[in-house]
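Asker: Structure, please.
(2 chains)
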Amino acid sequence: MTTLAFPRPSRRSVPVLRRQFLVWRKTAATTLLGDLLDPLIMLLALGYGLGGLLPPVEGVEYIAWLAGGLICMSALWAPTFECTFAAYTRVAVQRGWEAILNTPLVLDDVLWAELAWGTIKALKSALFIVAVVLALDIAREPTMWLIPPVLILIGLCFTAMALCFTAVARSYDFFIYYFTLGVTPMVFLSGVFFPMSELPGWLSSLLSMLPLVPAVELVRPLVLGSLPENALQHLIHLAAFTAAAIWLLGVLMRRRLLR
Amino acid sequence: MQANFFLFRVIRPNCQRTLFNGHHIYGRQATEPPEIACAAHRWDAASDRYSWRSPLSTRSVTPTRPDSGGSADLAISLKALTKRFGQQLIVDGLSFTVNRGECFGLLGPNGAGKTTTLRSLLGLTPFDAGSVAVLGHPIPQQARQARARIGLVPQQDNLDPEFSVAENLLVFGRYFGLRDADIRARIPELLAFASLTGKRDARIDELSGGMKRRLTLARALINEPDLLVLDEPSTGLDPQARHLIWSRLKALRAQGRTLLLTTHFMDEAERLCDRLIVIDNGRAIDQGAPHELIARHVEPEVVEVYGDRAQRWLASLQMPDDTRVEVNGETVFCYTRQPQPLLASLQSMQIGDGSLRFLHRPANLEDVFLRLTGRDLREDER
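Answerer: Next up is the predicted model:
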């Protein structure tokens, strides 16, 4: 039990992932509605409603400019709910992870199953926005084919971050810290709804350290039909953040469950 | 031999199947002969994979893996196990062995270190010193291989409330690398064993406490374990449910499986265990067969006296030399080899208004337990 090791991925995660699918299948209709409809309404209300009143932003129509940000926000929301409240229920309330750890599976297998599951949820929600963007003819650029692989990294990053908070949570109330101090500032101040240049410089550079900024910087140009500037730098930023969060998750969860 | 060889060849392609391969399963189900579907997977420690065991083989031929440490006859070997949480010593040099095929009890008051000891055996908690081997596998190095052959009934039910009874077994079996077809073939048998056949499609929250416990026991048997570990299997159950669990545990013991159980119900331990160990503060106090412990630590007969007048009776009596008296609340316990003088005195004082009642009985394990661990309340369970 090397407590500081990076969690090792393994195919043994597959049965845990299948469990998640089986649960999801039972409640698919309601979760689909919540995951998909909320961002869709936001796109329509802000994009068409507010966008109709605004001049072009950075040279493009507001709804097209907004779409890239909302795709990223969606990839943040979906795994954040799944891997805080729902994952906490699995770990601490239902004690399902304890049951799994009594089988030949190890904690790393469960962690990678959760990471994969959160990422799948992120992909599902974000790709739905992409589909709406295509369907409403907001944008139809060939560069949009590059969005799904980038979304995998973005989804994995936000999944790992949420699970880190779950690892130290002692009650549901604890997640208020993450939502109020982490998720909400990221969503509203990371260039999803307005350009970062509108923010004071110190605030903008502070938020640029968090992973939603590089995510938006990568996805927005792809929606608008160009390749992102400094793409490699943003990818490394996201990947480093993701790796650090997964490593921390391993350390924290071992401390919680294998002491 | 010829036939076995043929069967072996038929099954052989499956031997190469790696641990988890869910996406193949539905496709294969229909094409497999039923006798193959009944075969059980076995962990192959060398290649770190599950392999097939023919359904024709019996439990007694389950191959013993190369041991690193303990003897092949030992299901569990624990030597000088020591575990600390911070400054607190939870397990303090604990040693015991469990033979294959026996039912072994781990007894102790709350906070004695029972659950921590079990978690160490399963490789779920690092320990500070000592050596542990389970079914020949050194722990923690081969904990995963050991767990593949262990069934665990935890203290707190952790059934999956999202699923029905049968789905719980299916999903749990997959964690052992079993194929869906094999698990589905085993479910009716497991449900019958747990007397839950009619509850196959029930949700978990529709089950009573006793049913949940029986389902947890059935779930622990999904991998045909050689060793069954039960952490307080009958806590919180009503007498009927408890007796049903006991009868099932006896049946499993008769099948030759090894049972390790913790309990603080002494009648349970006395009824089920071939041997047991009493621990307190993480240390072994004594171990042996229940009757040996009784003979070693307490006088063979007990007279319990209750009621308002019990204390007055005690004060009025010239207690025989070889009688030991303990008072707990308003009950007087007299441990003795010669109960006759006590009984005669009690009978002469009987006035029929219920203010003095008594019970004469043989000494039991509870007397031993209280003698060894004291009568003080334990509230410091971690």
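Asker: who in the stretch 51-200 of chain A is up against chain B?
Answerer: Residues of the stretch 51-200 of chain A lying near chain B by C-beta under 8 Å from any C-beta of the partner chain: A:Q94, A:R95, A:G96, A:E98, A:A99, A:I100, A:L101, A:N102, A:T103, A:P104, A:L105, A:V106. Backbone N, C-alpha and C define where each C-beta goes, glycine included.
Asker: Could I get the full set of strands for the stretch 151-259 of chain A?
Answerer: With DSSP state E, counting those that start in this stretch as the definition, the stretch 151-259 of chain A shows no strands.
Asker: how about the helices in it?
Answerer: A:175-178, A:184-189, A:201-207, A:212-224, A:231-257 (DSSP state H, counting those that start in this stretch).
Asker: just those: most buried one?
Answerer: helix A:212-224 (a mean of 25; mean count of other C-beta atoms under 10 Å in any protein chain shown).
Asker: Point out the residues in the stretch 151-300 of chain B that sit beside chain A.
Answerer: So the stretch 151-300 of chain B meets chain A at B:152, B:154, B:156, B:158-163, B:167, B:171-172, B:174-177, B:223 (C-beta under 8 Å from any C-beta).
Asker: nearest spatial neighbour of whatever residue of the stretch 201-350 of chain B ends up closest to chain A, skipping sequence neighbours?
Answerer: Going by C-beta to the nearest C-beta, chain A is nearest to B:N223 of the stretch 201-350 of chain B, at 7.7 Å. Excluding the flanking residues, the one nearest B:N223 by C-beta to C-beta, 6 or more residues apart in numbering or on different chains is B:F176, at 4.3 Å.
Asker: Please report how far the one you found lies from B:T258.
Answerer: 18 Å (C-beta to C-beta, to the nearest Å).
Asker: what do you get for A:I100?
Answerer: On the measure of C-beta to C-beta, A:I100 and B:T258 end up 23 Å apart.
Asker: got it, and B:T97?
Answerer: For B:T97, the distance to B:T258 - C-beta to C-beta - is 11 Å.
Asker: Over to A:L66?
Answerer: 64 Å.
Asker: ok, the residues of the stretch 51-200 of chain A next to chain B vs A:A126, which is closest?
Answerer: Using C-beta to C-beta, A:G96 comes nearest to A:A126 of those, at 27.0 Å.
Asker: was I right about the closest one contacting B:D160?
Answerer: Yes: assessed by C-beta atoms under 8 Å, A:G96 is found in contact with B:D160 at 5.7 Å.
Asker: Who are the contact partners of the residue nearest to the spatial centre of chain A?
Answerer: Nearest to the geometric centre of chain A sits A:L76, at 3.0 Å (C-alpha atoms, centre = their mean). For A:L76, the contact set (C-beta atoms under 8 Å, 6 or more residues apart in numbering or on different chains) comprises A:A122, A:I154, A:F158, A:V183, A:M186, A:V187, A:L212, A:A215.
Asker: Go ahead and confirm the residue of the stretch 201-350 of chain B closest to chain A touches B:R149.
Answerer: Yes: between B:N223 and B:R149 there is a contact at 7.3 Å, judged by C-beta under 8 Å.
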